[in-house]
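> sequence first, predicted model second:
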Amino acid sequence: MYYEREVIALIPARGGSKGVPRKNLLTLGGISLVELAFKSAKSCEVVDSIYISTDDKEICDLALRLGANVHSRSASSSNDSSTAADLVQEFIRDLGKHLGEKDPLLVYLQPTSPFRNWQHLDNAFKALEIGNSLRSVSVVEDVQTPFKSVRLDSMGRILPLLQNNDLSQNRQDLPKTYRPNGAIYIFPLSTFLEGNAFPIEGSTPFMMSIEDSLDIDSYADLARANEIWERRNG
């Protein structure tokens, strides 16, 4: 076991969704997004236990059929304004002593990242071992650099998001930038509790491709996911 710590996978799967109704139960190749997330954790050699956190009976029944532990998610952590950090705080509070005494590692796996798989997880943990680290965040290279982004001031006039000189630079001369893709977060519970937030700064990056980083947040994303799935599995 890596770092002599328990490794706990947490899959957030509320029943509602603002953009796409019942999003977590959508299917690719006849397999729900919740089940795909579960399978990625189940097949990872490092994960010791899997919890599916939900407020929905259908998802709860599915979790039990799969053999996952179920965390009953409250209404306050299941609405459209609740955050991932809100859920993790509740999860830690509710499970308390059952989470282990050696400051376990939490692996946060959202179902809407269907192309994250067990190989990604295994490789993310191997990267942690090589880097002698306990925290990892999956990232993808930005297609559009934020160095050329602008915002509007209170008068509706343009302001550079970063530095004005960056706006006239050639793109290839600017530093590469990356963004968390939401597929994998790994961190000790104690590190989360220090700030009640995902400890992203200083974490080891785990690089993923643009295609594997697809996050389903709209019907257009779902259509794209189906295209990728059919190409890969057809």
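Thanks, I have the structure now.
> now do the helix or strand bottoming out on mean pLDDT in the chain: which elements does it pack against?
Least confident element among the helices and strands of the chain, by mean pLDDT, DSSP states H and E: strand 158-160 (a mean of 86). Applying 3 or more CB pairs under 8 Å, 6 or more residues apart in numbering; DSSP states H and E, we find strand 158-160 packed against strand 150-152. To be clear about C-beta, it is placed using only N, CA and C from the backbone, and glycine gets the same treatment.
> would you give the sheet partners of the strand it packs on, along with the direction of each?
As defined by DSSP bridges, the strand partners of strand 150-152 come to strand 158-160 (antiparallel).
> neighbouring contacts of the partner strand?
S149, V150, R151, L152, D153, D166, L167 (CB atoms under 8 Å, 6 or more residues apart in numbering).
> distance from it to the middle of the chain?
On the basis of CA atoms, centre = their mean, to the nearest Å, strand 158-160 sits 31 Å off its chain's mean C-alpha point.
> show the subsequent helix or strand relative to that strand.
strand 178-188 (DSSP states H and E).
> tell me the buried residues in the helix or strand following that next one?
For strand 178-188, the following helix or strand on the C-terminal side (DSSP H and E) is helix 189-195. For helix 189-195, the neighbour count (16 or more other CB atoms under 10 Å) marks L189, T191, F192 as buried.
> repeat for stretch 132-149
L134, R135, S136, V137, S138, V139, V140, T145, F147.
> checking the first one next. Helix, strand or coil?
What that stands for is L134. coil (DSSP: H, G, I helix; E, B strand; the rest coil).
> local confidence estimate at it?
On pLDDT, L134 comes in at 94.
> how near is it to E58?
Going from L134 to E58 by CB to CB, to the nearest Å gives 35 Å.
> excluding chain neighbours, what is closest to S17?
K23 (3.9 Å; CB to CB, 6 or more residues apart in numbering).
> I figured the one you found hits L33, correct?
Yes - counting by CB atoms under 8 Å, L33 is a contact partner of K23 at 7.3 Å.
> any common contacting residues for the two?
Common contacts of K23 and L33 (CB under 8 Å, 6+ apart): P111, T112, I216.
> possible to save those as a markdown table with distance to A9?
Formatted as a markdown table, the shared contacts of K23 and L33 follow (distance: CB to CB, whole Å):
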| residue | distance to A9 |
| --- | --- |
| P111 | 12 |
| T112 | 16 |
| I216 | 19 |
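> which of the residues you listed count as buried?
By 16+ other CB under 10 Å, those give P111, T112, I216 as buried.
> want to throw these into TSV with secondary structure and pLDDT?
Listed next are the buried ones among the shared contacts of K23 and L33 as TSV, based on DSSP: H, G, I helix; E, B strand; the rest coil; pLDDT from 0 to 100:
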residue	secondary structure	pLDDT
P111	coil	97
T112	coil	96
I216	coil	95
